[in-house]
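# What follows is a predicted protein model with its sequence.
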Number of protein chains: 2
Amino acid sequence: MKKKVTLKQIAKELDVSVSTVSKALRNSSEISLDTREKVQAFAKLYNYRPNNIAISLKNRKSKNIGVIIPEIVHHFFTMVISGIENVANSNGYNVIVCLSNESFAREVVNMEMLAHGSIDGFIMSLSKETQEKGDYHHLREVVNQGMPLVMFDRVADEIYCDKVVIDDAQAAYNAVNHLIATGCRKIAIITTEDHVSVGKLRTLGYQNALQDAGIPFNENLVVKVDGEEACEKAVHQLLKYQVVDGIFGVNELFAIIAMREALKRGFKVPEDIAVIGFTDGILSKYSNPPLSTVVQHGFEIGVMAGQMLIDKLEERETEDHYRTEVIKTSLELRESTR
Amino acid sequence: MKKKVTLKQIAKELDVSVSTVSKALRNSSEISLDTREKVQAFAKLYNYRPNNIAISLKNRKSKNIGVIIPEIVHHFFTMVISGIENVANSNGYNVIVCLSNESFAREVVNMEMLAHGSIDGFIMSLSKETQEKGDYHHLREVVNQGMPLVMFDRVADEIYCDKVVIDDAQAAYNAVNHLIATGCRKIAIITTEDHVSVGKLRTLGYQNALQDAGIPFNENLVVKVDGEEACEKAVHQLLKYQVVDGIFGVNELFAIIAMREALKRGFKVPEDIAVIGFTDGILSKYSNPPLSTVVQHGFEIGVMAGQMLIDKLEERETEDHYRTEVIKTSLELRESTR
DNA sequence: AACTCGAGCGAAAACGTTTTCGTGTTAAAA
DNA sequence: TTTTAACACGAAAACGTTTTCGCTCGAGTT
């Protein structure tokens, strides 16, 4: 078990100074060819690699990116991480992932943990609880300290920083519009409580699509739920008491559950009821029938966010100017719509 | 934009030495109560936090755990990460995630990147390519340097380190056995090429179960595929030319695809053909019919791996003794089996 | 008055680098 | 022979901590 070798040890062994070793390894012309070769050979022999921590301290940058997300067992978020990791890696950065588990407190402590030297910048998506509280002091703090921050998906309008979002309202509009275009008139929406920013926006898009098509808005067709069982029950009730020929689920799971309930009650999908979801995950692809969805392009979001952050870090960006990039969604039409 | 304040700055401002500030902040009795209070007040006012990097350098430990996995858009791996993150976080560690994307080269460079100071220990699962090549020099190197390593799921027998696995063969045995117990006799297995360690083991369990039940092994019923389309085609052929009344898929996707093909050819599941999968993911839960599976308890695997690593790091473990923990699987019986 | 002792603090080393600024030696130029 | 300049290298500072050791000053003891 040979421990890591340091410059100092090489220096001692070769009877030169630490600075000479350092320069020799970087092939500085300041050092004689002789010495350079000797040092490099020795270094290779002992498999010398500079200590990252020491370099970090010296350069005052860690080459680490902190990513804070609400959960990781989630198709969209993993796609985003994949994208971030991709650009991070090709720029020599590592990715430190922390999970808030949708909790405000954990979000705060994780940020605090990371903010003091461990990372050079943040990429994050807010926890539900944080959005509910509307307390963003921890974000303010890091941006005030001059640490670059890129938010994605669940963002806070009142924080000035780079952002990567999709046009939730427009995407929802397109989805509902497709339902309308294919003959649906009594379209229900399964959405979240209003404090989740994206749920709210998607609901807005739904309303706009109806309005533009001249279809009266029916309060009874909007179902707000939180969680799986609640969703199941609510859809059950919905189908029992309302006439519905189309369902727009604000996320993948809601759409899948709605479709399942519709099937269970004997409706044919898409003939009797067409269903469309949001967030193209693995479920949509393999459900029966395969679910039509709005695809968010999580990987591209991750790439964009990573790129924006790294631009800031390497100052390829003008200081103090924040962008909000909107990644285009698209419709993946499969067999749950006509 | 106020930059981070350091001990030195506090010292200068208060006209004391750096050491005094350091001691005062740790409430050392060496420092007068007066000075302590003054320093602490000032530190609080300026929101002082020690610089992690400096601490890391001093202590020669980073309080970071490196996790290298083949991919992250994958239910099982995210469950494991969740588990790791959980114990890491409650022990004051951060998790650095790197993806090998099933590539040997990326696995190597990622390990190299992390191994020099960035982390205190590794948790990893091998990439397919690495298993294929059987080249583990990068693992050897890190363990030789005295860096703790915990492998999980896709492990290398020839590397001496802590491991967390499931009993793949036994789990497969149980799954196939359940098929047999419920009346299946012509049981097919959809598996991977032999170089993937877990695929091989699961195939072994399948064979053993057949043997113990006195069912002759039929070469034509084992389908080895790599990738989704290949799987689809192979199952298609299988069902066309062979009589099958049970299918064991070596992972979730294979089982789902097999079930879909069976349904497509007009078989009833589970009446005509029973299907059971491996790895309980979201697909199994929401498929139609819901898929019976072997559940791997990824979260527990992550917790175990994290705990083992931290035990080593904090030396609560006797040096130089490596454990292999086997996390028990269980059968989640849903509606794809009788 | 000389001594001891402890309280309160600072200097310095250490962690592993990189980089700036000398400094001594040697060979070429005057 | 003296000056100059290039060459090859080393010392030291810096990044931000923690910790050991030593110093000074005043009060209490003989």
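Sure thing, it's come through.

# got the residues of the stretch 101-250 of chain A near chain B?
Contact residues, the stretch 101-250 of chain A versus chain B (C-beta under 8 Å from any C-beta of the partner chain): A:106, A:110, A:112-118, A:141, A:144-146. Any C-beta I mention is one placed from the backbone N, CA and C, and that applies to glycine too.

# Paired strands for the helix or strand harbouring residue A:326, with orientation please.
Assigned by DSSP states H and E, residue A:326 belongs to strand A:324-327. Neighbouring strands of strand A:324-327 in its sheet, by DSSP bridges, are strand A:162-166 (parallel).

# Near the residue in the stretch 201-338 of chain A positioned nearest to DNA strand D, how many other residues are there?
Nearest residue of the stretch 201-338 of chain A to DNA strand D: residue A:313, at 17.0 Å (C-beta to the nearest atom of the strand). A total of 18 residues lie near residue A:313 under the criterion other C-beta atoms under 10 Å in any protein chain shown.

# Then residue A:134?
The number of residues near residue A:134, taken as other C-beta under 10 Å, comes to 9.

# Now it, what are its backbone angles?
Backbone torsions of residue A:134, given as degrees, to the nearest 10, read phi 70, psi 20.

# cool, and the one 3 residues further on?
For residue A:137, the backbone dihedrals (degrees, to the nearest 10) come out as phi -60, psi -30.

# mind listing what it touches?
Contacts for residue A:137 (C-beta atoms under 8 Å, 6 or more residues apart in numbering or on different chains) come out as none.

# ok, it to residue A:126 distance?
Using C-beta to C-beta, to the nearest Å, we find residue A:137 at a distance of 13 Å from residue A:126.

# sorry, back to before: who are the contact partners of the residue of the stretch 201-338 of chain A closest to DNA strand D?
If you count contacts by C-beta under 8 Å, 6+ apart, residue A:313 has them with A:61, A:120, A:121, A:148.

# and what of residue A:38?
Here residue A:38 is in contact with A:14, A:24 (C-beta under 8 Å, 6+ apart).

# likewise the one 5 residues further on?
Contact partners of residue A:43, counting by C-beta under 8 Å, 6+ apart, are A:5, A:10, A:21, A:25.

# cool, and residue A:141?
Contacts of residue A:141 (C-beta under 8 Å, 6+ apart): A:115, B:47.

# where's it, which helix or strand?
helix A:137-144.

# Show me the residues of the stretch 101-250 of chain A next to chain B that map onto helices.
Among those, the members falling in helices (DSSP state H) are A:106, A:110, A:112, A:113, A:114, A:115, A:141, A:144.

# buried subset of those?
When burial is judged by neighbour count using 16 or more other C-beta atoms under 10 Å in any protein chain shown, the buried members of those are A:106, A:110, A:113, A:114, A:115.

# and these as JSON lines, adding distance to DNA strand D and pLDDT?
What follows is those, written out as JSON lines (distance: C-beta to the nearest atom of the strand, whole Å; pLDDT from 0 to 100):
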{"residue": "A:106", "distance to DNA strand D": "24", "pLDDT": "97"}
{"residue": "A:110", "distance to DNA strand D": "20", "pLDDT": "96"}
{"residue": "A:113", "distance to DNA strand D": "15", "pLDDT": "94"}
{"residue": "A:114", "distance to DNA strand D": "15", "pLDDT": "96"}
{"residue": "A:115", "distance to DNA strand D": "12", "pLDDT": "95"}
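
# quick revisit: identify all contacting residues around the following helix or strand past the strand holding residue A:326.
Next helix or strand after strand A:324-327 toward the C-terminus (DSSP H and E): strand A:330-332. Identification of contacts with strand A:330-332 by C-beta under 8 Å, 6+ apart yields A:174, A:175, A:178, A:280, A:284, A:292, A:293, A:294, A:295, A:297.

# Wait, a helix at the third one?
Meaning residue A:178. Yes: counting by DSSP: H, G, I helix; E, B strand; the rest coil, residue A:178 is found in a helix.

# Surely it is in contact with residue A:334?
No: between residue A:178 and residue A:334 there is no contact under C-beta atoms under 8 Å: 11.9 Å.

# and the nearest residue to residue A:16 once chain neighbours are set aside, what element?
Nearest residue to residue A:16, sequence neighbours excluded (C-beta to C-beta, 6 or more residues apart in numbering or on different chains): residue A:35, at 6.7 Å. Secondary structure assignment for residue A:35, by DSSP H and E: helix A:33-45.

# is any part of that helix close to DNA strand C?
No: contact of helix A:33-45 with DNA strand C (C-beta under 7 Å from any atom of the strand) is absent, the minimum separation being 9.8 Å.

# Which positions within that helix qualify as buried?
A:36, A:39, A:42, A:43.

# Relative to DNA strand D, how far out is the residue in the stretch 101-250 of chain A that chain B sits nearest to?
Nearest residue of the stretch 101-250 of chain A to chain B (C-beta to the nearest C-beta) works out as residue A:117 at 3.9 Å. Distance, residue A:117 to DNA strand D, using C-beta to the nearest atom of the strand, to the nearest Å: 7 Å.

# my guess is residue A:275 contacts residue A:257, does it?
No: assessed by C-beta under 8 Å, residue A:275 is found out of contact with residue A:257, at 10.1 Å.
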